[in-house]
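Q: sequence first, predicted coordinates after that:
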Amino acid sequence: PHPHPHLTLTLTRLQAYSSLGCGKLLSSPVVTDVAARNGRTAAQVLLRWGLQHGVGVIPKSTDPARIASNADVFSFTLSEADMAQLDALHTGEHLCWDPTLVA
């Protein structure tokens, strides 16, 4: 997987909003299966997926253990098969809020 083609032609970078889908993606069977296969948490898998797509991710947590776990996403990579499975989750559904409603 590569970053969006436009991002390679400009200095524009994407920043994820609510990288974990407001928590809704953490229990997705696809995400939990990929996490189990890689020995990682669902949150780590989702964050790593974004990073491998060249998107900046900033998870939110107040729990020190979860913050440390969320930061541990640079010591592994997801396989092309894992990335394809996660990519297939995209349905166009807005999990937190619909950005098209922002004026």
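A: Structure received.
Q: contact partners of stretch 70-78?
A: Surrounding stretch 70-78, the residues in contact under the criterion C-beta atoms under 8 Å, 6 or more residues apart in numbering are 34, 38, 40, 43-45, 47-49, 51-52, 59, 61, 86. The C-beta positions use only the backbone N, C-alpha and C, and glycine is treated the same way.
Q: same check on stretch 81-94?
A: 1, 25, 28, 30-31, 33-34, 37-38, 45-46, 49, 52, 78.
Q: out of these, who's nearest I67?
A: L46 (15.3 Å; C-beta to C-beta).
Q: the closest one is in what secondary structure piece?
A: helix 42-52 (DSSP states H and E).
Q: pull that helix out as CSV, backbone CA atoms only.
A: Presented in CSV, the C-alpha positions along helix 42-52 are these (Å, rounded to 0.1, in the frame of the first residue of the first chain):
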residue,chain,number,x,y,z
ALA,A,42,-6.9,-3.8,17.7
ALA,A,43,-5.9,-0.2,18.3
GLN,A,44,-2.3,-0.9,17.3
VAL,A,45,-3.5,-2.6,14.1
LEU,A,46,-5.7,0.4,13.2
LEU,A,47,-3.0,2.9,14.0
ARG,A,48,-0.4,0.9,12.0
TRP,A,49,-2.8,0.6,9.0
GLY,A,50,-3.1,4.4,8.9
LEU,A,51,0.7,4.9,9.2
GLN,A,52,1.3,2.4,6.4
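Q: what packs against that helix?
A: helix 29-38, helix 64-71, helix 80-87 (3 or more C-beta pairs under 8 Å, 6 or more residues apart in numbering; DSSP states H and E).
Q: mind listing what's buried in that helix?
A: Within helix 42-52, the residues scored as buried using 16 or more other C-beta atoms under 10 Å are 42-52.
Q: any weak-confidence spans in this structure?
A: 1-23, 91-99, 102-103 (pLDDT under 70).
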